[in-house]
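> With the sequence up front, the predicted model follows.
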Amino acid sequence: MKRLKTGTEGLDELLTGGIPERRNVLISGACGTGKTILAAQFLHQGVENDEPGLMISFEQDEEKLIEDLFTIGIDVPALQKTGKFRLIGGPIGTVRRVQRKAKAKKEDILKEIERVVEKLEAKRVVLDSINLFLMLFEDEAERRESLAELASLLAKKGCTTMLACETEEGTKKISSYGFEEFVADGVIVLYRIAFENMFERAISVIKMRGIKHSKAIRAMKITKEGLKVYPEQEPYHK
């Protein structure tokens with residue numbers, strides 16, 4: 001089974017080599033835990049490995065996201081010039097207005113994603129966040145069905161996918177609607193753990209179908225060079 005390097009120092013050790021090819025992985029955590037950084041590093045690694053990557057952001061417009069990623073050493077314009085990277089950004093409100101105006105249905109949205117993937121010949125895909133993507137649909141049944149169809153579509157296209165999922169601070173839930181983790185092939189959770197007068201960051205691979213992996217919670221930091229995992233170090237906590 002082919003593995004894809006994540007581009008995050010130390011994480012591949014927890015995964016015993018990387019993410020299995022053509023799987024979809026939920027990256028879960030509260031606001032500010034580093035989900036977007038981890039996903040961007042995954043795509044950056046793909047460009048270096050000649051594996052084109054697509055990032056669809058429902059949270060930020062392209063300009064702000066480019067500025068944020070530049071602070072951790074990811075030069076999006078340079079990646080775009082390679083022809084192996086594409087960023088599509090726009091707040092969910094804008095997307096919903098376009099959706100209503102065009103009277104777009106689930107099939108239309110999935111077909112548009114498929115079109116972009118095919119044009120880029122993408123091998124790595126990031127949706128940030130899957131919470132906001134699912135808000136495009138009217139009820140839970142349609143949301144569940146849409147996520148399952150999206151995961152199946154991307155896998156058939158040969159894509160390995162990261163789905164960023166924001167959770168409430170302090171909750172034990174690892175998804176927004178409660179079914180995302182069952183659709184996903186893998187789940188990686190990012191934590192902020194209170195320790196005295198500060199927060200320590202941590203990470204854990206909750207599941208990854210098809211491979212053996214560490215199940216331990218391990219220390220993690222966000223530095224000016226990006227997100228780093230310390231596979232032998234436990235986070236400090238009481």
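That came through, no problem.

> next helix or strand past the longest helix along the chain?
Counting residues, the longest helix found in the chain (DSSP state H) is helix 140-156. For helix 140-156, the succeeding helix or strand toward the C-terminus, using DSSP states H and E, is strand 160-166.

> Which strands or helices does that next one pack on?
Packing partners of strand 160-166 (3 or more C-beta pairs under 8 Å, 6 or more residues apart in numbering; DSSP states H and E): strand 24-29, helix 35-48, strand 124-128, helix 130-134, helix 140-156. Yep, even glycine has a C-beta here, placed from its N, CA and C like the rest.

> Listing partners with orientation, what would you give for that strand?
Strand 160-166 pairs in its sheet with strand 24-29 (parallel), strand 124-128 (parallel), by DSSP bridges.

> pLDDT on the last one, on average?
This means strand 124-128. Strand 124-128 shows a mean pLDDT of 95.

> same question, the longest one
Model confidence over strand 24-29 averages 97 on the pLDDT scale.

> what's the angle between that strand and helix 35-48?
Orientation check (axes from the mean of the first three to the mean of the last three C-alpha atoms, to 10 degrees): strand 24-29 against helix 35-48 gives 140 degrees.

> what do you get for the last one?
Between strand 124-128 and helix 35-48, the angle comes out at 160 degrees (the same axes, to 10 degrees).

> Mind listing residues that contact strand 124-128?
When contacts are defined by C-beta atoms under 8 Å, 6 or more residues apart in numbering, strand 124-128 is touched by residues 4, 35-36, 39-40, 42-43, 46, 51-59, 117, 133, 150, 154, 159-164.

> what distance separates it from the centre of its chain?
Mean-position distance between strand 124-128 and its chain equals 5 Å (C-alpha atoms, centre = their mean, to the nearest Å).

> mind saving the C-alpha coords of it as CSV?
Written as CSV, here are the backbone C-alpha positions of strand 124-128 (Å, rounded to 0.1, in the frame of the first residue of the first chain):
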residue,chain,number,x,y,z
ARG,A,124,-4.1,15.6,-3.0
VAL,A,125,-7.2,17.6,-1.9
VAL,A,126,-8.1,19.7,1.1
LEU,A,127,-11.5,21.0,2.1
ASP,A,128,-11.4,23.6,4.9
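
> Give me the pLDDT for Asp155.
Asp isn't right for residue 155; it's Ala. Value for Ala155, per-residue pLDDT: 96.

> Now it. Nearest residue, chain neighbours left out?
Leaving aside its sequence neighbours, Ala155 sits nearest to Arg22 (C-beta to C-beta, 6 or more residues apart in numbering; 4.8 Å).

> Okay, buried residues for the strand or helix carrying Val116 please.
Per DSSP H and E, Val116 falls inside helix 106-120. Across helix 106-120, burial judged by 16 or more other C-beta atoms under 10 Å covers Lys106, Ile109, Leu110, Ile113, Val117, Leu120.

> need the residues you listed in a markdown table with distance to Ile206 and pLDDT, can you?
Conversion of these to a markdown table gives the following (distance: C-beta to C-beta, whole Å; pLDDT from 0 to 100):
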| residue | distance to Ile206 | pLDDT |
| --- | --- | --- |
| Lys106 | 28 | 72 |
| Ile109 | 28 | 82 |
| Leu110 | 27 | 88 |
| Ile113 | 26 | 89 |
| Val117 | 27 | 95 |
| Leu120 | 30 | 95 |
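
> with the residues you listed in mind, which one is nearest to Tyr177?
Lys106 (15.6 Å; C-beta to C-beta).

> can you pull the contacts of the closest one?
If you count contacts by C-beta under 8 Å, 6+ apart, Lys106 has them with Phe137, Glu142, Glu145, Ser146, Glu149.

> Pick out whichever of the residues you listed sits closest to Thr171.
Distance ranking of the contacts of Lys106 against Thr171, using C-beta to C-beta, places Phe137 first at 22.6 Å.

> Kind regards, and thank you for your time.
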